[in-house]
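In: Quick check, what structure comes out for this input:
(chains A and B)
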Amino acid sequence: MELKDKIELLAAAAKYDVSCSSSGSSRQGKEGEPGSAHLAGICHSWSDDGRCISLLKILMTNQCVYDCKYCVNRASNDTRRVMLTPDELSYLTISFYRRNYIEGLFLSSGVIRDPDYTMERMIETVKKLRFQYHFHGYIHLKAIPGCDPRLLIDAGRLVDRMSVNIEMPTGESLKLLAPQKKKESLIGPMRFIRDTIAEQRDSSRSIRSTPGFIPAGQTTQMIIGASPDNDDRILTLSEGLYRSYRMKRVYYSAYMPVVSHPMLPTVDKPPLLREHRLYQADWLLRFYGFSAGELLDADHPNLDCLVDPKSDWAVRNYDLFPVEINTADYETLLRIPGIGVKSAGRIVNARRVGALDGADLKKIGVVWKRARHFVTCQGRYYGSSFRQMDQLKQELMPYQAAKKLQTGGSEQLSFFQEILPRTKSGPESGLQNLFLVKAGEIG
Amino acid sequence: MTDCFNYFSYQYDGTFEGLLTCIYEAYYRHEVPEHICRGDTVQESLLDCSIQIPTDRRKADKVLESIRVKISKEALRHAFYAYLSELDDIGVWIYRYLRLGWKVGSAVDRHLREEEVWTVQEASRKVEGEANRMLGLLRFRELKGGIYYAPMGPDHNIVSLIAPHFVDRLSDQQWMIHDVKRDIAAVYNTKDWAIAAVRQKQALSPDKDELEFQQLWKQYFQSITIQGRYHPGLQRQFMPKRYWKYLVEKNG
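Out: Sure thing, here's the model as predicted:
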């Protein structure tokens, strides 16, 4: 079979894996040998769905012994099975790399024969790249759940990042949809990787020649919308993964109805907006000092689809506002809707040489439409006055969403359906864009 | 002093040293020229009178040193990057930015309320942004003889900013990054690199395997898209159409 046909099948089978980032490793090139790693990662292209392409994201094979209900590669699915050899994979990677198509390789695989055998074949590919081609670029390897921990150590010394997909937000959902995968078999390798990283870090303090172990850390991913779990459970889980498992990233993947099964929900479109809101909330956890409990609780188990999570939080805690922009500390600035990490930093810098007013804030890059209701500048308030919190909330929505609410008075659920992005682009479907944070960061 | 009653502008040879020489002259002549422009972009107007400023290495070095010591290294970087932006009138803005810098010292970058600070920083950000973007979007093609050739048409003059990244990364390849808009290129021979003027006439012929890899990459690009999430607007937001011309996957 032609290489081109294999790429067609195995890239298509890998595309539902969200992670593409090539960040977290910083490695200078070596003279006479190809490759280096850029700390912030580099995006090389963007596919027609707007997701960034950084690594050659591909499966080694789409054969699989497992029969997970939601997966295209499940054993019972009637589809063509192919496999790329370590020679083909490493040659392809290095040839793409030399043309600057990619930052490196992201290798995943269906499980052939057993987890150990699969993992060994993957490591063989990585070894070819590192030792035969002397490749110093980025490699992200998927850890196959259930494989021998020694293989994880072998692989971890050669690659930049490893990930195990947690797949479902709860053990019950996992049991239902991926009966052969046990929660413990997913959590086990994560814990093992975390502990090995910590161990290596400790011993590298005393012994200089300690070999590195996945310098860019581990990530994971879960599918959103295939199971009935609410956002509160998902976000609390993510918080735990960041805190106790030291994850670099948790990715959320809107459930795509790739296969139909009586146990799976029937959806026409993937819940992209919900996925987007989860990413926004995830950002609040990692960079804005929020905790999951502040954003969601039993009374508010799901993120609001009409406004971003920070605006939603600020409306519910309006008694904390307005905040004086010239005196508030950095942590407080970060909690104001319309102010991000960059603009908060600029405000702190700029106000040291003179008091700021509304016009200055706009220049600095603050989203004034949202921020003005929550700040004062030298005592002056620029926002509107409200009788009800709902009015304020409408001010914070994207224009079309607010208008729709006013004219239709429609319920949120039908509205939610309507603002999901269409399959074809048009001025209307750009709605999701309005609040979209950089997808380079999401990817 | 000049004999012009109304507006006058400075003209320099287009190099950074030339711009610094202009700044030296303006500062010591206590003048604020209406424009500081490169020799090749001058628009004459009736009331305008332009003064040729010959580039003087010694004066340029003095200004450079003074920026580094009396203002900050960051200000020097902003000034240089803004110069590379080649935006209209950026010369005068750089001059005004530096003048403020000599007044307030290293705090100049905090004076975001001042238009000159904002304008220069914005230009500098644009250049840095495009350079970062090009680290990903540049595409090499292997030519007969094994040289990797990458054409590009950036908005700003970034070739000197991106070349070191590829010297580090593709250190065992001979390559050439060609700024087609400006007819200059960074050339690397596996040991040293340099910027050179290029006037390329004949078409370049690709290596025999090259087209095959381009096909494979196009196939990959197509297969990785999730059709249910089709969103070309988002794609263009990150990868504006003006860059597609040289992208293999977009038939460049």
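
In: Got the confidence number for the residue in the stretch 151-252 of chain B positioned nearest to chain A?
Out: Nearest to chain A in the stretch 151-252 of chain B, going by CB to the nearest CB, is residue B:234, at a distance of 2.8 Å. Heads up, the C-betas are built off the backbone N, CA and C, glycines and all. The model reports residue B:234 with a pLDDT of 93.

In: Am I right that it sits in a strand?
Out: No. Assigned with DSSP: H, G, I helix; E, B strand; the rest coil, residue B:234 falls outside any strand and is helix.

In: Pretty sure it sits against residue A:50.
Out: Yes. Contact criterion CB atoms under 8 Å: residue B:234 and residue A:50 qualify, at 2.8 Å.

In: which of the two has more neighbours?
Out: Between residue B:234 and residue A:50, counted using other CB atoms under 10 Å in any protein chain shown, the more crowded position is residue A:50 (27 against 24).

In: For the closest residue to chain B within the stretch 201-350 of chain A, give me its contacts.
Out: Across the stretch 201-350 of chain A, the shortest distance to chain B (CB to the nearest CB) belongs to residue A:350, at 4.2 Å. By CB atoms under 8 Å, 6 or more residues apart in numbering or on different chains, the contact list for residue A:350 reads A:356, A:360, A:364, B:110, B:111, B:112, B:113.

In: of those, closest to residue A:70?
Out: residue A:364 (44.7 Å; CB to CB).

In: and the longest helix anywhere in chain B, what other elements does it pack with?
Out: The residue-count maximum for a helix in chain B (DSSP state H) belongs to helix B:115-137. Counting contacts by 3 or more CB pairs under 8 Å, 6 or more residues apart in numbering or on different chains; DSSP states H and E, helix B:115-137 packs against helix B:73-85, helix B:90-104, helix B:159-169.

In: if you set the cut-off to 10 Å instead, what comes out?
Out: strand A:45-46, helix A:358-364, helix B:73-85, helix B:90-104, strand B:148-152, helix B:159-169, helix B:232-238 (3 or more CB pairs under 10 Å, 6 or more residues apart in numbering or on different chains; DSSP states H and E).

In: Highest mean neighbour count out of the ones you listed?
Out: strand A:45-46 (a mean of 25; mean count of other CB atoms under 10 Å in any protein chain shown).

In: all helices of the stretch 151-300 of chain A, in order?
Out: A:171-177, A:183-206, A:231-244, A:272-287, A:292-295 (DSSP state H, counting those that start in this stretch).

In: Which SSE is immediately downstream of the shortest one?
Out: Beyond helix A:292-295 on the C-terminal side, the first helix or strand identified by DSSP states H and E is helix A:309-316.

In: Number of residues surrounding the closest residue to residue A:309 other than its chain neighbours?
Out: The shortest distance from residue A:309 to any non-neighbouring residue, by CB to CB, 6 or more residues apart in numbering or on different chains, is to residue A:281 (4.4 Å). Number of residues near residue A:281 (other CB under 10 Å) recorded here: 27.

In: Pretty sure residue A:281 sits against residue A:300.
Out: No. Counting by CB atoms under 10 Å, residue A:281 sits too far from residue A:300 to count as a contact (11.7 Å).

In: Need the residues touching each of those two.
Out: Common neighbours of residue A:281 and residue A:300 (criterion: CB atoms under 10 Å, 6 or more residues apart in numbering or on different chains): A:231, A:312, A:313.

In: Dead centre of chain B: give me the residue that sits there.
Out: residue B:157 (2.3 Å; CA atoms, centre = their mean).

In: Helix or strand for it, just tell me which one.
Out: For residue B:157, there is no host helix or strand (DSSP H and E).

In: Would you confirm that it contacts residue B:90?
Out: No. With contact defined as CB under 10 Å, residue B:157 does not count as touching residue B:90 (11.5 Å).

In: shared neighbours, the two?
Out: Residues within reach of residue B:157 and of residue B:90 at once, by CB under 10 Å, 6+ apart, are B:83, B:84.

In: domains of the chain?
Out: In the absence of a named chain, this looks at chain A. Domain segmentation of chain A under automatic domain parsing yields A:3-295, A:304-397, A:403-434.

In: please go with chain B instead
Out: According to automatic domain parsing, the domains of chain B span B:7-129, B:138-250.

In: Next, the distance between the ends of the shortest one.
Out: Using CA to CA, to the nearest Å, the end-to-end distance of domain B:138-250 comes to 13 Å.
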